[in-house]
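Engineer: Make a model of this:
(2 chains)
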Amino acid sequence: MIEVRGACVSYRTDEPPAVADVTLDFEPGRVVSLVGANGSGKSTLASLLCAMRLCDGGAVRVDGIDPADGASARREVRRRVGLVRQHPTEQLVSTVVFDEVAFGPRNLGLAPDEVRRRVTSALARVGLDGYDMRDTSSLSGGQQQLLAIAGVLAMEPSYLVLDEASSMLDSSARPAHRALVGRLAYEMGVGVVQVTHDPLEVLASDRVVIMDRGSVAFDGAPLDLLMGQSALWDATVLPSASVEALRRVCALGFDGCPSATPEAAAAWLVRGLAAGRVSADDVRGTLDALAGALPRALSAGSGADAGLLLSHVCYGYDGASYVLRDIELAVAPGEVLLVAGRSGSGKSTLASVAAGLFEPDAGTVSVRGRAPRPGDAGIAFQRPEDQLFCESVRDELAFAPRNMGADEPEVARRIEHAARMVGLDEALFDWYPFDLSGGQARRVAIASVLALDAAAYLFDEPTAGLDAAGRSQMHALARACADDGRAVIVISHDLEEWMTEVDRVALLSDGRIAWMGTPGELSRDRGAFEAASMEPPLNIALARLLEDALRGGER
Amino acid sequence: MMKKPLSPLGSFVARDTPVARIDARVKIVLLLALTVAVFATGASPVFALWAVLLAAAVRLARMDVAAHLRALKPVAFILAFTLLANAVALDGHGDIALWGGFGLDTAGALRGFLAIARIALLLGFSLVVSASSTPPQLADASVSLLAPLGRLGVPVSDVGLMLSLALRFIPIVSEEFFRVQLAQRSRGVDFSGGSILHRIRAWASVLTPLVVSLFRRADRLGESMCARCYAEGGQISVEMPPVPVRDRLVLVCGLAVCALIPTLAWLL
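Structural biologist: Numbering: from 1, shown residues only, chains lettered A, B, ... in the order given. Here you go, the predicted structure:
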């Protein structure tokens, strides 16, 4: 048992405490989700649990051991409570998989035979058996995260703290991650505490703890939160059409057995329809919830010559194999296009080519009717906050327009416009960019791109790592840019998140556009995802299940 | 427009070649011996043997010679300048007078040529080693060769960990570098033109965020290592199998060549 008793942590004396008088218990063999907005104190609490930080007041004891008792107690707590964080690059220490997993056991001073046994069993646990001698940098992002988990498991911990460990995972890797968390808790008896925003991870846990300004705002079962405190759920967990549908099915009498997941709810609905317990209208209502509010259909492509146009574009890094093949794409001013695909499908390369940063090997790119030079199309790369470098936010926003040769009155106008677009307070203009919080830094970075005043904008995974509030701001921003008369491309692996926010979707597979159409067409076209060798997002998969059940009932 | 990203010079070529099969410890010792021997070899026709040896090593490692030569283009300028600076005499001491005090100094030219040849040879041999060994092989081999220093109180296992971390971070840093550079180009930064001051400012826009993010990463990595019970000065020993007989033979022959060539150059 991890016992937290009246724990307090303050980073600065002039600010309210990050964790204020928190008392909680965490048991082995259970999955607990720790949820809250950015800055709510959930990560600080997580670092207390694994003795990466000691509390300023109160106490944390792990199986009776208090890490404040000294270095050896702290080491033992760290062994018992494993920590896995967001980025693989921040936790992998070796270039070889075997050495990576052996790092912890070797630090514990174990004999070589025992180290080998633990490495083999930990790799098998996470499904990386046979990877021992592989180069860690040759693994995909998802595999690197599994490797980080294996590295912790090899120390045979009783508890595991996952600090947003899945937030950088591709949506296609998430179901496997959830299944792994379940296996660790229910088969190995590890107590898992996961810091997360993901609604499906929250639903799959035994208990949810919501943190708000350093205190516990909710502590209970996920369904009690979803149904009993729906406003609190909506404010802290990411929105999801599948979860909306689950809510509807719960209102029809679904009690969360065997599990409180959208999949179980859909299966309950299908059984209920066959048994006459629910009506066809109930199922149709659930289908509406799964579809979400799809945006208005927009005439696609016709006015695109004034926006962003890619024609027969091919591109390869080494000349031997192509990353992009024969791309035909037209985005009109005022339109938001989502480019989706698995990792490695060429999405990010497509963005760089479209922005004029890479010259295509064949075909043409045009922005407002001419070949783009860098700066003609604004592009916000993944984690754009990593490119900030100026002395003040104001200089950061002025950097791009000054480079493009704008005069000072024009620069001031663009700064003001860009700041308004992202909702950036003018009081922050004199701040040092490195002092900003994660969400603020993201907005400054995106504003610094918008200050280009370009005809087209490309956003590469703009919501990665943001909380619910930050995400909805980004959704609104993409739309606001389009309404401002720009052609907008959003690149994301998360279809469920973006489908209701865009006008058209292009599915990219192996460097080709495998499917293109409106979100409405995509949700109806059963062949679309197979064509792009993608799994349909959960809401669409469940909608198909229900449609089949309805059709079966009519027959 | 941007050139396509290159893989870093001398990065490991994942091929099963005769050179790749040699134990990394042997390769490191031979490289050190070669360094001494190449400098010990004086101006003599025998010096050409080194070039023959390098050509053979490159061939056995199956390296892409053209790609390496392309990557060396910027260095060629400095080498050419070195040669010229040694060969040209402006004060009339040159043995081939061309015009006034301006002339060519054949002894200087030979000296310059030898210096360049040594640099090129050592670079070539180093690239053969780095292209035929994986970073962990090199790190483990270095630790194993340094092991005797452990008795003198040198924290060999910490050095080994640092070496391994550094090697792990090289590709991450180079990827991040290209990423930030691309992002700044999209914000209108021109890296190729303008005054020196302008260029310094342009590179600052890449190096500042790069260094900041590296420090941040190093910090988090350190925390993650603590979370996995890393303690400084811990006894992490790397088990290395003994050097196989065939590689011992390679070592002995290599050392013999390193002794033979300078001796021949001195005798002939």
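Engineer: Show the residue spans covered by the helices in chain B.
Structural biologist: B:24-40, B:48-61, B:65-71, B:73-87, B:106-132, B:135-146, B:156-186, B:196-227, B:245-267 (DSSP state H).
Engineer: could you give the angle of the second one to helix B:245-267?
Structural biologist: Yep, that's helix B:48-61 we're talking about. Calculated by axes from the mean of the first three to the mean of the last three CA atoms, to 10 degrees, helix B:48-61 forms an angle of 160 degrees with helix B:245-267.
Engineer: follow-up on the earlier one: any chance of the helices of chain B in a markdown table, with mean neighbour count, mean pLDDT and distance to A:Ser43 too?
Structural biologist: Glycine gets a C-beta too; all of them are placed from N, C-alpha and C. Output for the helices of chain B, formatted as a markdown table (neighbours: other CB atoms under 10 Å in any protein chain shown; pLDDT from 0 to 100; distance: least, CB to CB, whole Å):
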| stretch | mean neighbour count | mean pLDDT | distance to A:Ser43 |
| --- | --- | --- | --- |
| helix B:24-40 | 18 | 92 | 41 |
| helix B:48-61 | 16 | 88 | 48 |
| helix B:65-71 | 12 | 73 | 43 |
| helix B:73-87 | 13 | 81 | 45 |
| helix B:106-132 | 18 | 86 | 40 |
| helix B:135-146 | 20 | 82 | 32 |
| helix B:156-186 | 18 | 86 | 23 |
| helix B:196-227 | 16 | 89 | 12 |
| helix B:245-267 | 15 | 89 | 50 |
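Engineer: In TSV: these, plus distance to A:Asp129.
Structural biologist: Converted to TSV, the helices of chain B look like this (distance: least, CB to CB, whole Å):
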stretch	distance to A:Asp129
helix B:24-40	27
helix B:48-61	32
helix B:65-71	36
helix B:73-87	45
helix B:106-132	29
helix B:135-146	20
helix B:156-186	23
helix B:196-227	24
helix B:245-267	31
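Engineer: I'd like these laid out as TSV, including distance to chain A.
Structural biologist: Conversion of the helices of chain B to TSV gives the following (distance: least, CB to the nearest CB, whole Å):
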stretch	distance to chain A
helix B:24-40	13
helix B:48-61	19
helix B:65-71	10
helix B:73-87	19
helix B:106-132	14
helix B:135-146	5
helix B:156-186	4
helix B:196-227	4
helix B:245-267	20
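Engineer: So which of those helices is nearest A:Ala71?
Structural biologist: Closest approach to A:Ala71 among the helices of chain B is made by helix B:196-227 (11.1 Å; CB to CB).
Engineer: Relative to the whole chain's centre, how far out is that closest one?
Structural biologist: Relative to its parent chain, helix B:196-227 has a centroid offset of 24 Å by CA atoms, centre = their mean, to the nearest Å.
Engineer: quick one: which of the helices of chain B is nearest A:Ala59?
Structural biologist: Closest to A:Ala59 of the helices of chain B is helix B:196-227 (CB to CB; 19.9 Å).
Engineer: What separation do you get for the residue of chain B found nearest chain A and A:Glu391?
Structural biologist: Nearest residue of chain B to chain A: B:Gly188, at 3.2 Å (CB to the nearest CB). Distance of B:Gly188 to A:Glu391, computed by CB to CB, to the nearest Å: 19 Å.
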